[in-house]
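J.: quick one, what's the 3D model for this:
(chains A and B)
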2 protein chains.
Amino acid sequence: MKKLINNPESLVVEMCEGMAYAHPDKLEFKKRHKLMMRKNPAKDKVVLISGGGSGHEPAHAGYVGEGMLDVAVCGDVFASPSTIQVYNAIVDTETDAGTLLIIKNYSGDIMNFEAAAEMAEDDDDIKVAKVYVNDDIAVKDSLYTVGRRGVAGSVYVHKIAGAAAEAGKSLEEVTAVAQKVIDNVKSIGFALTSCTVPAKGTPTFKLEETEIEFGVGIHGEPGVARQAMKSADELAEECVDLLAKDLPFNAGDEVAVMINGFGATPLQELYVFNNSVYRQLAEKGIKVHNTLVGNYMTALDMAGASVTLLKLDDELKAYLAAPVDTVALKGV
Amino acid sequence: MKKLINNPESLVVEMCEGMAYAHPDKLEFKKRHKLMMRKNPAKDKVVLISGGGSGHEPAHAGYVGEGMLDVAVCGDVFASPSTIQVYNAIVDTETDAGTLLIIKNYSGDIMNFEAAAEMAEDDDDIKVAKVYVNDDIAVKDSLYTVGRRGVAGSVYVHKIAGAAAEAGKSLEEVTAVAQKVIDNVKSIGFALTSCTVPAKGTPTFKLEETEIEFGVGIHGEPGVARQAMKSADELAEECVDLLAKDLPFNAGDEVAVMINGFGATPLQELYVFNNSVYRQLAEKGIKVHNTLVGNYMTALDMAGASVTLLKLDDELKAYLAAPVDTVALKGV
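T.: Residues are numbered from 1 along each chain as shown, chains lettered A, B, ... in the order given. Modelled structure (predicted):
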């Protein structure tokens, strides 16, 4: 394992400190419970909290700031944050407007976020709502989930719920629009290489030079099938076909598209892939309203990419276009 | 070679089209001469043109837009754009205020940008100024250069000259501030893996699992030394020591810091490395005014990173903080 780190034990704290040093105007890192907090949060709005295992950078700390999250709770690499961490995030940021937890649909996250919500509601009388992101269409159940996994679609949930919260909407309204995003966002991805978890030191899975893992999860979980390596055009066709069928997305729909790199894929390839995806969508008459291309929800040093489609209506478009100023997303 | 592309021949055009599709509000791609143009440029300001070989994404097309470049001229992978490409960029964007070419110090780029400038001056009476970025302190001469190589420091030249141009400064003034950045910006990098040039299909160099190439260039050129893999702290110490001595940077100086990934390095590691660099600078009494962490000047799929330091004064700080709205840089 060749990684630019000091050691696996201190990695998450060092990473978070490195991030806070880089963005002192936006972020404050509370080391004790590994909370990346928004600097100078608005005091009278619904609080948005997300988080999960580390290793998905810039998620989730990169989405803390104006127009998105108030706190990212940082677990160890690919491990859910503890109940106590999440509980402290809720209590530390309490407002009268209440708190929405945006949880990716993994069993560990659900257990710990829900237990924390219960403690905060019972002991501290804080109103806590929850939504569960499950945009990955690859597999129904998986290694760490009952139901579908939550992946890059989370970014749109943060963005749009964040804009609604910033606009002064109530907890019920913010929760409803977050759920609307979840109901309309779908993703699928593939890996060209495995990731290597620092504490383990060896690749999670092995791919031959001619193989990809199609439908891979963001922790290197198995996907739908081990396939022969394909061209960008072929992969785009396969991804868009599966996504379009799932919701379904139909001719005339307007969508936001995210071409997400898993961590080790150069921007060059992501833009080539966006070109392929764009042309596939055009063939189906699906109109691209907005595109993000980059590393938004990664899996450590995995090479590969995912495609996320979000079906838009006027409400979602307006929230998507609302101001945002975070480390990883500035303007959309 | 496992890359998310269709084929090496069409890669640069597909990538540029994929980029223009993703950012139709900011970019327009002119396919014939592979020019990535700013959509709706200001008409009465100094025009800024840069470019070079592709493979360094988001450089340079990602820096086209308000407050930075007007055109990026896109060569093939790791190959200078032709004289005709650069000439067309100059002629297509002519204003009365004149044109500044920001050239990275590689022999091929210099030859073609200078020949294009001469044609535009002689045949079209366009005022063209030139600056040469040579921030890489690793080696004096190299495979493709006489003198030092131009690397990630280019981003600061684009940013600051772009802000000066946007502020309505004259060609002489914009050129002077670009040169001031060049005189005050230094970089050094190291590779954990080689890159693979698509048309070649095999790694440019070979590193053992325990080795790094210290002082590597952004085309995988040899650096100063093949070294044993080190910790983030050790690499930060080595980089900062060399950079501090070179200009020199002294206690009390205020600097902008860029922690640049070479394309396959996850953000997680770049933030850990920023933490290490930040602490090294603090030990030397060098004050960090501003930090960028991310993939700004890459070398295809090379893993590794570089550190860039820019010594700031009030003028540079003001231009650095000026509004910018490009694909790869929004606000600094």
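
J.: only C-alpha atoms for contact and neighbour calcs from this point on.
T.: Noted.

J.: partner strands of the helix or strand of chain A with the lowest mean pLDDT and their direction?
T.: Within chain A, confidence by mean pLDDT, DSSP states H and E is lowest for strand A:225-228 among all helices and strands, at a mean of 94. Here strand A:225-228 is paired, per DSSP bridges, with strand A:211-214 (antiparallel).

J.: ok, which stretches of the stretch 201-332 of chain A are helices?
T.: Applying DSSP state H, counting those that start in this stretch to the stretch 201-332 of chain A gives helices spanning A:232-246, A:267-283, A:314-321.

J.: need the contact list for the closest residue to residue A:253 other than its chain neighbours.
T.: Of all residues not flanking residue A:253 in the chain, residue A:286 sits nearest, at 5.2 Å (C-alpha to C-alpha, 6 or more residues apart in numbering or on different chains). Listed by C-alpha atoms under 8 Å, 6 or more residues apart in numbering or on different chains, the contact partners of residue A:286 are A:249, A:250, A:251, A:252, A:253, A:254, A:255.

J.: rewinding a little: which of the helices of the stretch 201-332 of chain A sits closest to chain B?
T.: Closest approach to chain B among those is made by helix A:267-283 (3.8 Å; C-alpha to the nearest C-alpha).

J.: list the buried residues in the closest one.
T.: Across helix A:267-283, burial judged by 16 or more other C-alpha atoms under 10 Å in any protein chain shown covers A:267-281.

J.: using PDB, list the CA coordinates for it.
T.: This file holds the C-alpha atoms of helix A:267-283, laid out as PDB (Å, rounded to 0.1, in the frame of the first residue of the first chain):
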ATOM      1  CA  LEU A 267     -10.900  14.500 -14.800                       C
ATOM      2  CA  GLN A 268      -9.900  13.900 -18.400                       C
ATOM      3  CA  GLU A 269     -11.700  10.600 -18.300                       C
ATOM      4  CA  LEU A 270     -14.700  11.900 -16.500                       C
ATOM      5  CA  TYR A 271     -15.200  14.600 -19.200                       C
ATOM      6  CA  VAL A 272     -14.800  12.000 -21.900                       C
ATOM      7  CA  PHE A 273     -17.400   9.900 -20.100                       C
ATOM      8  CA  ASN A 274     -19.700  12.900 -19.700                       C
ATOM      9  CA  ASN A 275     -19.600  13.400 -23.400                       C
ATOM     10  CA  SER A 276     -20.700   9.800 -23.900                       C
ATOM     11  CA  VAL A 277     -23.500  10.100 -21.300                       C
ATOM     12  CA  TYR A 278     -24.700  13.300 -22.700                       C
ATOM     13  CA  ARG A 279     -25.100  11.800 -26.100                       C
ATOM     14  CA  GLN A 280     -26.900   8.800 -24.700                       C
ATOM     15  CA  LEU A 281     -29.300  11.000 -22.900                       C
ATOM     16  CA  ALA A 282     -29.900  13.100 -26.100                       C
ATOM     17  CA  GLU A 283     -30.800   9.900 -27.900                       C
END
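
J.: average pLDDT for it?
T.: For helix A:267-283, mean pLDDT rounds to 98.

J.: and chain B, is it touching that?
T.: Yes - Helix A:267-283 reaches chain B (C-alpha under 8 Å from any C-alpha of the partner chain) through A:267, A:268, A:269, A:270, A:271, A:272, A:273, A:274, A:275, A:276, A:278.

J.: so what does that helix touch, helix or strand wise?
T.: helix A:232-246, strand A:254-261, strand A:287-294, helix B:11-22 (3 or more C-alpha pairs under 8 Å, 6 or more residues apart in numbering or on different chains; DSSP states H and E).

J.: what comes up buried for the first one?
T.: Buried positions in helix A:232-246, judged by neighbour count with 16+ other C-alpha under 10 Å: A:232, A:233, A:234, A:235, A:236, A:237, A:239, A:240, A:241, A:242, A:243, A:244.

J.: doesn't residue A:188 make contact with residue A:239?
T.: Yes - between residue A:239 and residue A:188 a contact is recorded at 6.4 Å, counting by C-alpha atoms under 8 Å.

J.: overlap in contacts of these two?
T.: residue A:307.

J.: what about chain A, any weak spots by pLDDT?
T.: Within chain A, no stretch has pLDDT under 70.

J.: what's the domain layout of it?
T.: If you go by the TED database, the domain ranges for chain A are A:10-183, A:185-327.

J.: as TSV, those with distance to residue B:132 would be great.
T.: Output for those, formatted as TSV (distance: least, C-alpha to C-alpha, whole Å):
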stretch	distance to residue B:132
domain A:10-183	28
domain A:185-327	25
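
J.: generate a PyMOL selection restricted to the buried subset of the contacts of residue A:286.
T.: Here is the PyMOL command that picks out the buried ones among the contacts of residue A:286, judged by 16+ other C-alpha under 10 Å:
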select buried, chain A and resi 249+253+254+255
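
J.: save the contacts of residue A:286 as TSV, and put in distance to residue A:3 too.
T.: Output for the contacts of residue A:286, formatted as TSV (distance: C-alpha to C-alpha, whole Å):
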residue	distance to residue A:3
A:249	40
A:250	43
A:251	45
A:252	45
A:253	43
A:254	41
A:255	37
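
J.: measure residue A:248 to residue B:317 for me?
T.: Using C-alpha to C-alpha, to the nearest Å, one obtains 50 Å as the distance from residue A:248 to residue B:317.

J.: of these two, who's got more company?
T.: residue B:317 (17 against 14; other C-alpha atoms under 10 Å in any protein chain shown).

J.: how about the residues of the stretch 51-200 of chain A near chain B?
T.: Within reach of chain B by C-alpha under 8 Å from any C-alpha, the stretch 51-200 of chain A has these residues: A:55, A:56, A:57, A:58, A:192.

J.: can you confirm the third one is in a helix?
T.: No - when classified by DSSP: H, G, I helix; E, B strand; the rest coil, residue A:57 is found to be coil rather than part of a helix.

J.: surely it is in contact with residue A:301?
T.: No - assessed by C-alpha under 8 Å, residue A:57 is found out of contact with residue A:301, at 10.4 Å.
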